[in-house]
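Requesting a structural model of the entry that follows:
(one chain, ligands or ions: 1)
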Amino acid sequence: MTARFFDLDALGLRLLEDSRNRAGTLRARGIVPCLALVEVGEDPQSATYVARKIEDCRKVGIEVRKVVLPASVTRSELLTQIQMLDTDVSVSGILVQLPLPSHLDENAVIQAISPHKDVDGLHPVNLLSLTTSEPTVIPCTVRGIDALLLQTGLALDGARVAILGRGKLVGLPASLLLSGQSRNTTVTILHRKSKNLGNILRNSDIIITASGSAHLVTPDMVRAGAVVIDVGMSWPEGMLCGDVHPDVSEVAGWMTPPDRSFGVMTRMMLLKTVLDLAEKKGT
Ligand code: GUN
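Residues are numbered from 1 along each chain as shown. You can find the predicted model right below:
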């Protein structure tokens, strides 16, 4: 079997166009969608991610309010900034770029954002809603994964899903959404202490990887015809590597392109979520 590759670029362009139309419709109703982006410190990777998000917003007509704070910012100064954005009626959604410097408590920062302005979908109220039949805000990368699963036409009810990684941006929320009442799959979460990794992966209809371990998933671990979605990234020798070995394409049914960033999907879903929040505010 040779896998069909998800065409992330084509899908990304379609999503961009759709967001441009939605932003135009909102603006015609007098609602200006606006994303507040909070960046703390000078992590070069975070700065690149934030710059791309700003560029995407500009392309579709979403206003951006960028707040840059020094790495030495105190918890109370950061929470005050968030509070101001949270009560500002012109702001549709707030995103605090992660990771934060280690002296700041990420969970406290996430919880300072009201659930209805939480574009990341990481507030406990939004996370819990992922388990219900009506999720409120789906975290951007997970929303991208969900869109790809929909594209395969695979019936999700009862499907066996293995998720490699339990981080708060991808693995954890993906497990809540996919095992919840809206998607109804059976999820196994795997992490660095998990035993029988290969056996569990081989028994899965869907594999989602977000571990950052280069080429950890090899063809012998994958069931023929499985759907394999790789959002992991690492740079072992300066080159971008996914978690999935390229040869997995010889056995999988559907697969993300090997050693490629999933970023375009995450970024396009961010636009979609900002527009969702702006639309909800306007109704
Ligand atoms: N850092 C890397 N990805 C993300 C994301 O999706 N949201 C936030 N807030 N920070 C990130």
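
Any idea how many residues pack against residue 207?
Counted with other CB atoms under 10 Å, the neighbours of residue 207 add up to 28. Where you see a C-beta, it was placed from the backbone N, CA and C, and this is true even at glycine.

for it, what are its contacts?
161, 162, 164, 201, 217, 222, 226, 227, 228, 229, 244 (CB atoms under 8 Å, 6 or more residues apart in numbering).

As JSON lines, these with distance to residue 104, neighbour count and secondary structure would be great.
As requested, the contacts of residue 207 are exported to JSON lines (distance: CB to CB, whole Å; neighbours: other CB atoms under 10 Å; DSSP: H, G, I helix; E, B strand; the rest coil):
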{"residue": "161", "distance to residue 104": "33", "neighbour count": "23", "secondary structure": "strand"}
{"residue": "162", "distance to residue 104": "33", "neighbour count": "25", "secondary structure": "strand"}
{"residue": "164", "distance to residue 104": "28", "neighbour count": "29", "secondary structure": "strand"}
{"residue": "201", "distance to residue 104": "36", "neighbour count": "23", "secondary structure": "helix"}
{"residue": "217", "distance to residue 104": "33", "neighbour count": "25", "secondary structure": "strand"}
{"residue": "222", "distance to residue 104": "39", "neighbour count": "27", "secondary structure": "coil"}
{"residue": "226", "distance to residue 104": "39", "neighbour count": "25", "secondary structure": "coil"}
{"residue": "227", "distance to residue 104": "37", "neighbour count": "26", "secondary structure": "strand"}
{"residue": "228", "distance to residue 104": "35", "neighbour count": "29", "secondary structure": "strand"}
{"residue": "229", "distance to residue 104": "31", "neighbour count": "26", "secondary structure": "strand"}
{"residue": "244", "distance to residue 104": "33", "neighbour count": "29", "secondary structure": "strand"}
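
Quick check: which of the residues you listed are also close to the ligand?
Taking CB under 6 Å from any ligand atom as the test, the ligand is in contact with none of the contacts of residue 207.

with these in mind, which one is nearest to the ligand?
The shortest approach to the ligand among the contacts of residue 207 belongs to residue 229, at 15.9 Å (CB to the nearest ligand atom).

Show the model's pLDDT score for the residue nearest the centre of the chain.
Residue closest to the mean C-alpha point of the chain, counted by CA atoms, centre = their mean, is residue 141 at 1.6 Å. Model confidence at residue 141, given as pLDDT, is 98.

Let the chain start at 19 from now.
From this message on, residue numbering opens at 19, which makes the last subject residue 159.

So it versus the ligand, what's the distance?
The gap separating residue 159 from the ligand is 6 Å, by CB to the nearest ligand atom, to the nearest Å.

Pretty sure that residue sits in a strand.
No: secondary structure of residue 159 (DSSP: H, G, I helix; E, B strand; the rest coil): helix, not part of a strand.

Check the gap between it and residue 132 for me.
22 Å (CB to CB, to the nearest Å).

Now residue 209: phi and psi?
Backbone geometry at residue 209, expressed as degrees, to the nearest 10, gives phi -150, psi -170.

Would you confirm that it contacts residue 185?
No: at 9.3 Å, residue 209 and residue 185 do not qualify as touching, with contact defined as CB atoms under 8 Å.

Please say which of those two ends up with more neighbours.
Between residue 209 and residue 185, residue 185 has the larger neighbour count (other CB under 10 Å), namely 16 against 13.

circling back: residue contacts, the residue nearest to the centre of the chain?
Contact analysis of residue 159 by CB under 8 Å, 6+ apart lists 187, 188, 192, 228, 249, 280, 283, 284, 287.

switch the cut-off to 6 Å
Contacts of residue 159 were listed using CB atoms under 6 Å, 6 or more residues apart in numbering, and they are 188, 249, 284.

Counting neighbours, which of those residues end up buried?
Buried members of the contacts of residue 159, counted by 16 or more other CB atoms under 10 Å: 188, 249, 284.

Test my guess that the first one contacts residue 226.
Same thing as residue 188. No: under the criterion of CB atoms under 6 Å, residue 188 is not in contact with residue 226, lying 7.9 Å apart.

so what pLDDT did the residue of the chain found nearest the ligand get?
Residue of the chain nearest the ligand, by CB to the nearest ligand atom: residue 116 (3.6 Å). At residue 116, the model reports a pLDDT of 96.

For the protein, give me the ranges with low pLDDT.
The chain contains residues with pLDDT under 70 at 301.

where along it do the helices fall?
With DSSP state H as the criterion, the chain has helices at 26-46, 62-78, 93-105, 124-129, 142-147, 158-170, 189-197, 215-220, 281-300.
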